[in-house]
Structure formats: structure tokens, C-alpha cells
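Chemist: pasting the sequence and the predicted model now:
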Amino acid sequence: MIFGHANLYPFVRLRYFDDASVNMQENRLQRDILTQLLSLVAKMGITSEQLFKRSQQNGMSVSGDSFYGIDALILLETAAELTDDPYLGLRLGQEIRIDSYGTLGFALMSCANLRESIELLLRYGKAFFRPYWTSQYYDGGLLLWHNLTIGTPAQQQLVAELSFSQLTTIGNSLYRRQLDGAELQLTFSKPASMAVYQSVFGLEIIFEAERNQLFLPQHLLDTPVKTANIADHIVFHQQCEGILQSLTSGDKITTEVRRLLLQSAGDFLNISQVAERLNMSERTLRRRLKTESVSFRTLFEEVRYLMATEYLSKTDLTVADIAHLLSYSETVNFRRAFIGWSGMTPSEYRQQQAERVKV
């Protein structure tokens with residue numbers, strides 16, 4: 001009953017990112033967390049104006065919905081103080097849904113099992129959130145811990161409660177059964193009442209531990225995801241890879257075009273539609289791609305080839321089905337294109353990949 005894919009993450013950071021890596025996915029998450037926080041305090045009679053005013057008095061340096069680092073922690077702590085609710089972090093975590101994570105959330109939803117979810121989270125989470133999660137195989141299972149280092153102990157507790165609550169809430173919607181044997185370890189003292197904790201987590205909890213972490217026994221790592229879908233997973237996995245690569249790439253337009261093509265896989269956008277999504281003319285798009293030494297046609301075929309190799313090596317889809325997914329009107333056209341890309345037919349490529357796996 002714990003986490004599911006996208007879930008694995010915490011993500012409390014209403015805005016814990018450096019400017020250079022802020023992206024649409026993050027902004028969506030930040031906005032959703034803030035919206036839910038304001039909604040929760042409003043239900044307890046606290047207005048957003050009261051919350052922001054008191055937060056500024058407590059040291060928050062900005063106002064409105066744009067704040068960074070320690071400011072986010074101050075806002076959370078102030079909200080807990082004004083509402084006199086020691087469990088606000090737990091409640092807030094239950095309000096954040098997987099769609100707040102955008103592409104990463106969809107990728108996690110399509111994972112086959114818990115192990116795959118964690119691996120994907122740890123690789124691509126850095127493109128969406130600061131890497132506050134670390135993992136280690138231990139005693140036949142896996143430890144996943146939350147390593148936030150800024151803020152006071154009280155603020156860190158709120159963040160840990162929010163993060164693990166999110167994990168559990170999203171996990172409950174993704175897995176077919178409770179994760180029997182999982183154990184949550186927290187650094188702070190046991191609360192006066194355990195009722196809220198038990199309703200949120202439903203598993204063994206150890207307090208005053210060395211660090212905030214979740215232990216998953218070996219047998220749980222193969223727990224299937226309800227929404228697993230290998231074909232979708234390939235698409236979303238590649239979108240995450242593109243976003244991760246874009247953090248260090250200087251070819252911004254190339255990255256954006258590739259991202260839009262990946263997102264539209266199955267019903268690919270043409271150059272006019274891509275230009276419109278990027279708020280520029282087709283002519284301008286062609287010119288800017290040229291300055292990055294690439295053409296739209298090259299990127300389009302690159303994405304098609306990438307998706308083709310993924311489908312052939314990781315699914316049992318027929319060549320005809322793959323051709324359809326890649327928007328080919330005739331299977332023979334796909335075969336011809338694939339031979340041009342790789343020097344072999346789709347069937348020969350699939351056989352080659354299967355033999356490599358056996359080795």
C-alpha cells in the first residue's frame with residue numbers, strides 16, 4: 001500500500017530548484033502544492049493573506065506564489081502554527097496527486113513494478129525535483145531515504161511527513177495490494193496520537209531512527225503497478241530522458257522540438273503544429289533549427305527510429321502495430337525506413353536484441 005510509482009517521490013519543494021533547471025513540470029507541481037496548502041488552511045479559517053503576512057514576519061523573503069528554498073519551509077511551518085495542526089504535512093501530502101508530476105508521473109504510472117518505479121524515479125527525479133531521495137540495497141531489500149539538509153528540525157519534520165505521505169497516497173492508487181513488510185523509519189519522536197499516522201501509512205513506523213527512510217523487503221520490489229503499460233512506458237520514458245538531457249544541452253530549440261515530437265508519438269505533430277506550440281512561425285523555427293545544425297526532418301526521423309528500436313526490443317507488438325504507432329500508412333514503408341536507419345529489417349533487429357539478452 002505504499003508508494004507507486006510516481007509516487008516515490010517526495011517532492012515537497014514548493015520551489016527548491018535552481019533557476020536554470022526550472023521547467024514546466026516543476027511549475028505544475030509547485031503550483032499544485034501551494035494551491036492545496038492554501039485550500040487546507042482556508043478550511044481551518046486562515047486566509048492566504050494571513051498566511052503570507054505571518055510567513056513574512058517569520059522570515060520568508062518573498063510573497064505570492066513565487067518562493068525558494070528556506071522560504072518554502074517557513075511557509076509550511078507558519079501554516080502549521082496558524083492552524084494549530086501538528087499533522088498538516090501529512091494531510092497536505094494526501095492532497096497531491098500523480099498528475100501533478102506531469103511526464104514523470106505518467107512514466108511512473110506505466111512502470112511494470114515497484115523496482116522499475118524506483119529506478120526510474122532516481123534517474124529522472126533530478127530533472128523534476130532536487131535529488132532529495134537516495135537508495136541503497138540492504139538486507140535483501142531496498143532502503144529509500146529522504147536527505148533534506150536545510151531548515152530547522154521542525155521544518156525538516158514537516159517536509160519528511162509531507163514527502164512520505166505523498167509517497168503512500170499515490171502508491172495506494174498504483175499498487176494492487178498493501179506492501180506487507182515495509183517499514184517507515186523517522187528521526188523525530190513518536191507523536192502523542194498515532195491515529196493520523198496509522199490512517200495515512202498503515203504500516204510499521206519506527207521513531208527516533210537515524211534517518212527518515214522507507215525499507216522495502218525484497219519480495220515487495222516485484223509488486224505490479226495497476227496501470228502498467230509497456231508501450232506507453234517507452235514513450236514517457238523517452239520524454240523523461242529528453243527532459244534530463246535538456247538540463248545540460250545548449251541546443252534549446254532542438255530539445256523543445258524533440259520533446260514535442262515525443263509527446264505526440266502516435267499522432268506526430270507536423271512542423272507547422274510544432275512551430276505553433278512554440279509560439280513562432282514555421283520559417284522562424286526552421287531558421288533557429290538551422291543555427292543548431294539540425295533540421296525538423298532529421299529530428300522527426302530520429303524520434304521515429306528511437307521509438308521503433310524501443311518497441312522492437314521491449315515489447316511483443318507486431319511490426320505492423322509498431323508501424324501504425326509511428327504513423328506509417330503502410331507497414332512496408334516502415335520496413336523500408338528501418339532498413340535505411342539500421343541496415344537491417346525490423347524483424348532482424350528484434351532477433352538481434354533478443355540474442356543479446358540471452359547472452
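Modeler: Arrived safely.
Chemist: the chain: strands as residue ranges?
Modeler: Applying DSSP state E to the chain gives strands spanning 133-138, 141-146, 183-185, 204-206, 213-216.
Chemist: mind putting the ones you listed in TSV, mean neighbour count included?
Modeler: Every residue, glycine included, has its C-beta placed from N, CA and C. Output for the strands of the chain, formatted as TSV (neighbours: other CB atoms under 10 Å):
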stretch	mean neighbour count
strand 133-138	14
strand 141-146	20
strand 183-185	19
strand 204-206	14
strand 213-216	23
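Chemist: CSV for those strands, including distance to residue 268 and mean pLDDT?
Modeler: Below are the strands of the chain laid out as CSV (distance: least, CB to CB, whole Å; pLDDT from 0 to 100):
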stretch, distance to residue 268, mean pLDDT
strand 133-138, 34, 83
strand 141-146, 37, 87
strand 183-185, 44, 93
strand 204-206, 48, 92
strand 213-216, 39, 91
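Chemist: among those strands, which comes closest to residue 275?
Modeler: Residue 275 lies closest to strand 133-138 among the strands of the chain, at 37.7 Å (CB to CB).
Chemist: send me the closest one as PDB with only the CA atoms.
Modeler: Provided in PDB are the C-alpha atoms of strand 133-138 (Å, rounded to 0.1, in the frame of the first residue of the first chain):
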ATOM      1  CA  TRP A 133      16.000  10.800  -2.300                       C
ATOM      2  CA  THR A 134      18.800   8.300  -2.100                       C
ATOM      3  CA  SER A 135      18.500   4.500  -2.300                       C
ATOM      4  CA  GLN A 136      20.600   1.500  -1.200                       C
ATOM      5  CA  TYR A 137      20.100  -2.200  -1.300                       C
ATOM      6  CA  TYR A 138      20.200  -3.500   2.200                       C
END
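Chemist: in its sheet, what does it sit against?
Modeler: Its sheet considered, strand 133-138 pairs with strand 141-146 (antiparallel) by DSSP bridges.
Chemist: wouldn't residue 54 be in contact with residue 80 here?
Modeler: No. Using CB atoms under 8 Å as the test, residue 54 is too far from residue 80 to be in contact (11.3 Å).
Chemist: before we move on, back to that, closest to residue 69 out of the strands of the chain?
Modeler: Of all the strands of the chain, strand 141-146 comes closest under CB to CB, at 16.3 Å.
Chemist: any buried residues in the least confident helix or strand in the chain by mean pLDDT, and which?
Modeler: Least confident helix or strand, the chain: helix 230-246 with a mean of 75, by mean pLDDT, DSSP states H and E. Neighbour-count burial for helix 230-246, counted by 16 or more other CB atoms under 10 Å, picks out 230-244, 246.
Chemist: equivalent analysis for stretch 150-163, please.
Modeler: Buried positions in stretch 150-163, judged by neighbour count with 16+ other CB under 10 Å: 151, 155-163.
Chemist: same deal with stretch 173-193?
Modeler: The neighbour-count check on stretch 173-193 (16+ other CB under 10 Å) flags 173-175, 179, 182-187, 191 as buried.
Chemist: what's the first-to-last distance across that stretch?
Modeler: The first and last residues of stretch 173-193 sit 26 Å apart, counting by CA to CA, to the nearest Å.
Chemist: run the chain-centre distance for that stretch.
Modeler: Computed by CA atoms, centre = their mean, to the nearest Å, the chain-centroid distance of stretch 173-193 equals 21 Å.
Chemist: do stretch 105-113 as well
Modeler: Relative to its chain's centre, stretch 105-113 lies at 9 Å (CA atoms, centre = their mean).
Chemist: quick one on the thing from earlier: mind exporting the C-alpha coordinates of the least confident helix or strand of the chain to PDB?
Modeler: Taking C-alpha atoms only, helix 230-246 is exported to PDB below (Å, rounded to 0.1, in the frame of the first residue of the first chain):
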ATOM      1  CA  ILE A 230       4.900  -1.200 -21.800                       C
ATOM      2  CA  ALA A 231       4.000   0.800 -25.000                       C
ATOM      3  CA  ASP A 232       3.100   3.900 -23.000                       C
ATOM      4  CA  HIS A 233       6.100   3.400 -20.800                       C
ATOM      5  CA  ILE A 234       8.500   3.600 -23.700                       C
ATOM      6  CA  VAL A 235       7.000   6.900 -24.800                       C
ATOM      7  CA  PHE A 236       7.100   8.500 -21.400                       C
ATOM      8  CA  HIS A 237      10.500   7.100 -20.500                       C
ATOM      9  CA  GLN A 238      11.900   8.800 -23.600                       C
ATOM     10  CA  GLN A 239      10.200  12.100 -22.700                       C
ATOM     11  CA  CYS A 240      11.900  12.000 -19.300                       C
ATOM     12  CA  GLU A 241      15.200  11.200 -20.900                       C
ATOM     13  CA  GLY A 242      14.800  14.200 -23.200                       C
ATOM     14  CA  ILE A 243      14.000  16.500 -20.200                       C
ATOM     15  CA  LEU A 244      17.000  15.200 -18.300                       C
ATOM     16  CA  GLN A 245      19.300  15.800 -21.300                       C
ATOM     17  CA  SER A 246      17.900  19.300 -21.800                       C
END
